[in-house]
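In: Sequence below, structure please.
(4 chains)
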2 protein chains.
Amino acid sequence: MTPKLALLEEYALIARALGAPHRMMLLEQLAQGERGVEALADKVGVTVANCSQHLQLLRRAGLVTSRRAGKSVIYRMTDDKTLVLMDLLGRIAQQNLSVVDEILQGLSDGPAPEPITRAELSARLNEGSVTLLDMRPEDEFAMGHIPGAVQVDLSRLDAMAATLNATSEIIAYCRGPYCVYAHQAVARLRQLGHAARRLDGGLPEWRADGRHVVSDLALQVGC
Amino acid sequence: MTPKLALLEEYALIARALGAPHRMMLLEQLAQGERGVEALADKVGVTVANCSQHLQLLRRAGLVTSRRAGKSVIYRMTDDKTLVLMDLLGRIAQQNLSVVDEILQGLSDGPAPEPITRAELSARLNEGSVTLLDMRPEDEFAMGHIPGAVQVDLSRLDAMAATLNATSEIIAYCRGPYCVYAHQAVARLRQLGHAARRLDGGLPEWRADGRHVVSDLALQVGC
DNA sequence: ATTACATTCAAGAGAATACTTGAATTATCT
DNA sequence: AGATAATTCAAGTATTCTCTTGAATGTAAT
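Out: Here you go, the predicted structure:
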């Protein structure tokens, strides 16, 4: 029975690596693109030393890899399958933990419409029959976004909504399954009388599908 | 930022529930079928009290549900998606943690052939062109197995192999992705000169596909 | 009712984990 | 080489987790 326990211990290592909110946020960030320790610490809201420790734990679990770039150490996700794992975790949570469903309902202030699939969005973008909003912060948008998307912060959504054509549907997306910006944006837009839906998944899932992504500043995050 | 942290805390709860080998074994057992606390404790090799605590933790995470049946409390998996989650965890581990790959290679004592898919096995069973071995313990086999499978313990595999037709390929399966019996059986059979492969996934995955499962004693685990 | 059984609860010891602080590395720039 | 910047290490504390033990609960049989 020893090899089996050894295997399970390794699997458990990965599960435990996902078992802390701060590490999930780190993974969510890394899913947007590779980053250095300090940038990650800022985004997630932890000290640099603490962030470094979390990242090392994630590395021991094989979920992230690092490379040196000058003075900095750049971390990135090892495996796209991790995105699927996190997404699945979210789906299971939503289905089996009533608290989660309540929180998500609360964000939408009522029942939200089904999200649009990535394939459908792709088709609609080609037709030009949708307005696409990227609700992530400006720097993440600059590192890569869906072609045709417009970056908006939640705080500026009301002003932006006033300028939008009321006839075309609005699609909002953000970082992925754990990110609540798109939920909140859709809720607000619907309050304002717009037809709005969420995209299923965020930019990382879009990218993992092999779909096109553009970045404003190709040289911003130097390689 | 409070709703987001609340959400992540719930997701983390599920991840942590998977973060202990004993709980993974419990889930692996429950994937075979529902069971009472004492039976689970025996199978997994922990005390009843400890088992009960683990099960309650799994329940808090929404992964299992329980019902009373007479004096006993019967636990079962809540959601088939949990199987997918565990399988994915294993795949990520195998790809990104070299230790895991080494252990799995070690079980096979060299490079093992690709497992056969469930769809392919299904077709081959209809043709009658394979011998199908169920490597799980007898009681689990009795609770449900793939039609046409023969139950064999690892310890009796050599004797059984001698009686097998050397011309038809042998397929072995067991509990699922975390179970090593099928790996070991295939390794041994190949040492003995047989053509043998593993089934991708175990009985729970077969059942989750909606494929046919038969049980020897329909009334053994009363409902 | 009393008894027996299966499970859960409660309390405690020991290990692992999360975060903080300050020092030690490692690589770059002058 | 020395100074600087980014990251990691190390040590300490508070918290959480795991397992054990023994008692308490709830259900069924006598």
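In: Just the pLDDT for the residue nearest in space to the middle of chain A.
Out: The residue lying closest to the centre of chain A (CA atoms, centre = their mean) is A:R175, at 2.0 Å. Per-residue pLDDT puts A:R175 at 96.
In: got a list of contacts for stretch A:108-125?
Out: A:104-105, A:130, A:132, A:146-148, A:169, A:171, A:183, A:186-187, A:191, A:197-201, A:205-206, A:209, A:211 (CB atoms under 8 Å, 6 or more residues apart in numbering or on different chains). To be clear about C-beta, it is placed using only N, CA and C from the backbone, and glycine gets the same treatment.
In: Ok, stretch A:52-60 next?
Out: Contacts for stretch A:52-60 (CB under 8 Å, 6+ apart): A:13, A:17, A:20, A:22-23, A:26-27, A:37, A:40, A:46, A:64-66, A:75.
In: rewinding a little: restricted to strands, list the contacts of stretch A:108-125.
Out: A:130, A:132, A:169, A:171, A:197-198 (DSSP state E).
In: A:A196 bridge partners, please.
Out: For A:A196, the beta-bridge partners are A:I170 (DSSP bridges).
In: For it, grab the count of nearby residues.
Out: 24 (other CB atoms under 10 Å in any protein chain shown).
In: Confirm for me that it is in contact with A:Y173.
Out: No: between A:A196 and A:Y173 there is no contact under CB atoms under 8 Å: 11.4 Å.
In: picking that back up, just give me the closest of the ones in strands among the contacts of stretch A:108-125 to DNA strand C.
Out: When those are compared for distance to DNA strand C (CB to the nearest atom of the strand), A:R198 wins out at 28.8 Å.
In: need the contact list for the closest one.
Out: Residues in contact with A:R198 (CB under 8 Å, 6+ apart) are A:112-113, A:115-116, A:171-173, A:182-183, A:186.
In: and those as a markdown table, adding distance to DNA strand C and neighbour count?
Out: Below are these laid out as a markdown table (distance: CB to the nearest atom of the strand, whole Å; neighbours: other CB atoms under 10 Å in any protein chain shown):
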| residue | distance to DNA strand C | neighbour count |
| --- | --- | --- |
| A:A112 | 30 | 17 |
| A:P113 | 35 | 12 |
| A:P115 | 31 | 19 |
| A:I116 | 35 | 19 |
| A:I171 | 34 | 25 |
| A:A172 | 30 | 28 |
| A:Y173 | 28 | 31 |
| A:A182 | 26 | 28 |
| A:H183 | 24 | 24 |
| A:V186 | 30 | 26 |
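In: just those residues that are near DNA strand D?
Out: Among those, no residue sits close to DNA strand D (CB under 7 Å from any atom of the strand).
In: In helices, which of these fall?
Out: Counting by DSSP state H, the contacts of A:R198 place A:182-183, A:186 in helices.
In: ok so, going back, tell me which of the ones in strands among the contacts of stretch A:108-125 is nearest to B:K71?
Out: A:R198 (48.1 Å; CB to CB).
In: For B:A31, see how far away that closest one is.
Out: Note on A:R198: its distance to B:A31, by CB to CB, to the nearest Å, is 32 Å.
In: Stretch A:71-81: end-to-end distance?
Out: 30 Å (CA to CA, to the nearest Å).
In: what's near enough to touch the residue nearest to the centre of chain A?
Out: A:28-29, A:31-32, A:136, A:140, A:181, A:202-204.
In: what do you get for A:V214?
Out: Neighbouring residues of A:V214 by CB under 8 Å, 6+ apart: A:144-147.
In: And the pLDDT at it?
Out: 93.
In: Who is it paired with across the strands?
Out: Beta-bridge pairing of A:V214 under DSSP bridges involves A:H145.
In: residues contacting the closest residue to A:N165 other than its chain neighbours?
Out: Leaving aside its sequence neighbours, A:N165 sits nearest to A:T131 (CB to CB, 6 or more residues apart in numbering or on different chains; 7.0 Å). Applying CB under 8 Å, 6+ apart to A:T131 gives the contacts A:150, A:164-165, A:168-171.
In: which one among these gets closest to A:L7?
Out: Nearest to A:L7 among those, with distances taken as CB to CB, is A:I171, at 42.5 Å.
In: Distance of that closest one relative to chain B?
Out: Distance from A:I171 to chain B, counting by CB to the nearest CB, to the nearest Å: 21 Å.
In: Ok, A:I14 next?
Out: In this view, A:I14 and chain B are 6 Å apart by CB to the nearest CB.
In: pLDDT below threshold where in chain A?
Out: Applying pLDDT under 70 to chain A flags the ranges A:1, A:217-223.
In: and it, which residues reach DNA strand D?
Out: A:36-38, A:48-49, A:52-53, A:55-56, A:66, A:71-73.
In: what two of those residues are the furthest from one another?
Out: It's A:Q53 and A:K71 that sit farthest apart of the residues of chain A next to DNA strand D, by CB to CB, at 19.4 Å.
In: Quick one: the contacts of A:V214 as TSV, columns for distance to B:G90 and neighbour count too.
Out: Shown next, in TSV, are the contacts of A:V214 (distance: CB to CB, whole Å; neighbours: other CB atoms under 10 Å in any protein chain shown):
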residue	distance to B:G90	neighbour count
A:G144	31	19
A:H145	34	22
A:I146	32	23
A:P147	36	10
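In: Now distance to DNA strand C too, for those residues, in TSV please.
Out: Shown next, in TSV, are the contacts of A:V214 (distance: CB to the nearest atom of the strand, whole Å):
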residue	distance to DNA strand C
A:G144	25
A:H145	29
A:I146	32
A:P147	34
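In: Could you report the neighbour count for A:R59?
Out: Neighbours of A:R59 using other CB under 10 Å come to 15.
In: helix/strand/coil for it?
Out: Assigned state for A:R59: helix (three-state reduction, DSSP: H, G, I helix; E, B strand; the rest coil).
In: gap between it and A:Q151?
Out: 31 Å.
In: do the same with A:L88
Out: 29 Å.
In: next one: A:M143
Out: As judged by CB to CB, A:M143 and A:Q151 stand 11 Å apart.
In: returning to what we had before: make CSV from the ones in helices among the contacts of A:R198 and add distance to B:D216 to it.
Out: Below are those laid out as CSV (distance: CB to CB, whole Å):
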residue, distance to B:D216
A:A182, 51
A:H183, 49
A:V186, 52
